[in-house]
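S.K.: when you get a sec, could you give me coordinates for this:
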Amino acid sequence: MDYETVLLDITDDLAVLTLNRAEKLNAMTSQMRAEVTYAMKHAAQNARAIVLTGAGDAFCSGQDLGDASSTGKIDLEKTLRDEYEPMLEAIYDCPVPTIAAVNGPAAGAGANLALCADVVIATESAYFLQAFARIGLLPDAGGTWFMPRQMGFAKAMGAALFADKISARQADDWGLIWEAVPDAEFEAHWRSRAQYLAKGPTAGFGAIKKAIRGTYETTLSQQLEIEAHLQGDCGRSRDFAEGVVAFMQKRPPKFEGR
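M.R.: A predicted model of the protein is given here:
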């Protein structure tokens with residue numbers, strides 16, 4: 001597939017997927033959603049970690065309200081079902097670790113696109129904005145699911161109703177994201193984090209994702225069973241054997257990945 005609205009680079013087991021409409025603050029169009037969905041699936045088959053970021057000064061400003069393919073008599077429900085859901089599921093269900101490197105404003109669906117990743121690392125000058133109420137809508141693209149789970153009911157409700165900007169530092173303090181990083185250190189930092197994941201125990205990371213992603217739907221007893229099963233699989237892997245040998249030999253492990 002030829003990409004027009006995104007860039008995809010896969011080097012040394014790390015895929016970097018860049019939203020590439022900088023002149024529009026990387027606002028999403030129908031075409032971009034299709035390209036992100038395809039690129040995520042391709043990257044998941046050819047890399048051991050994936051970073052989603054934005055070109056220019058923004059991460060993603062949300063839906064492009066001027067998109068000719070999705071304006072006019074837009075059917076919001078159909079657009080969410082047919083375009084947003086496949087894209088978000090490709091990110092959320094990705095078998096390898098994902099990082100959203102939020103390099104600037106993340107607004108509307110763009111904020112929730114970031115929250116869909118396993119880990120969100122933001123530059124300190126970035127912010128998150130659930131702007132939907134300003135135009136008579138509710139947070140979509142998973143926003144009503146991600147926010148209460150990651151920063152609690154009270155903060156989620158306030159963010160949705162008041163549509164206030166949440167600075168990257170606030171988002172870090174509230175538990176909405178993993179960390180906020182000084183602007184000057186941002187790219188080097190997320191690349192270091194991403195390389196760690198790309199060189200790590202891919203199957204083990206997949207088990208971590210599966211266990212933690214599913215924990216909201218299980219009882220403690222069920223979760224203990226899931227942990228035991230997944231840990232059994234990990235304990236029989238070559239990566240576990242290599243990790244133990246490397247620990248005993250006091251050297252960095254060399255994981256094979258998949």
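S.K.: now the strands for the stretch 51-200 of the chain?
M.R.: 98-102, 106-107, 119-123, 127-129, 165-167, 179-181 (DSSP state E, counting those that start in this stretch).
S.K.: can you redo the ones you listed as a markdown table with mean neighbour count and distance to Asp140?
M.R.: In this view, the C-beta of every residue, glycine as well, is placed from N, C-alpha and C. Shown next, in a markdown table, are these (neighbours: other Cβ atoms under 10 Å; distance: least, Cβ to Cβ, whole Å):
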| stretch | mean neighbour count | distance to Asp140 |
| --- | --- | --- |
| strand 98-102 | 28 | 17 |
| strand 106-107 | 28 | 13 |
| strand 119-123 | 25 | 18 |
| strand 127-129 | 23 | 14 |
| strand 165-167 | 18 | 17 |
| strand 179-181 | 20 | 25 |
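S.K.: in a markdown table: the ones you listed, plus mean pLDDT.
M.R.: Formatted as a markdown table, those follow (pLDDT from 0 to 100):
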| stretch | mean pLDDT |
| --- | --- |
| strand 98-102 | 98 |
| strand 106-107 | 98 |
| strand 119-123 | 98 |
| strand 127-129 | 98 |
| strand 165-167 | 98 |
| strand 179-181 | 98 |
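S.K.: can you put the ones you listed in JSON lines and add distance to Thr37?
M.R.: Compiled in JSON lines, these are given as follows (distance: least, Cβ to Cβ, whole Å):
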{"stretch": "strand 98-102", "distance to Thr37": "14"}
{"stretch": "strand 106-107", "distance to Thr37": "19"}
{"stretch": "strand 119-123", "distance to Thr37": "20"}
{"stretch": "strand 127-129", "distance to Thr37": "23"}
{"stretch": "strand 165-167", "distance to Thr37": "27"}
{"stretch": "strand 179-181", "distance to Thr37": "27"}
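S.K.: could you measure from the residue nearest to the spatial centre of the chain over to Ile135?
M.R.: Centroid check for the chain by Cα atoms, centre = their mean gives Ala117 as the closest residue, at 1.7 Å. According to Cβ to Cβ, to the nearest Å, Ala117 and Ile135 sit 25 Å apart.
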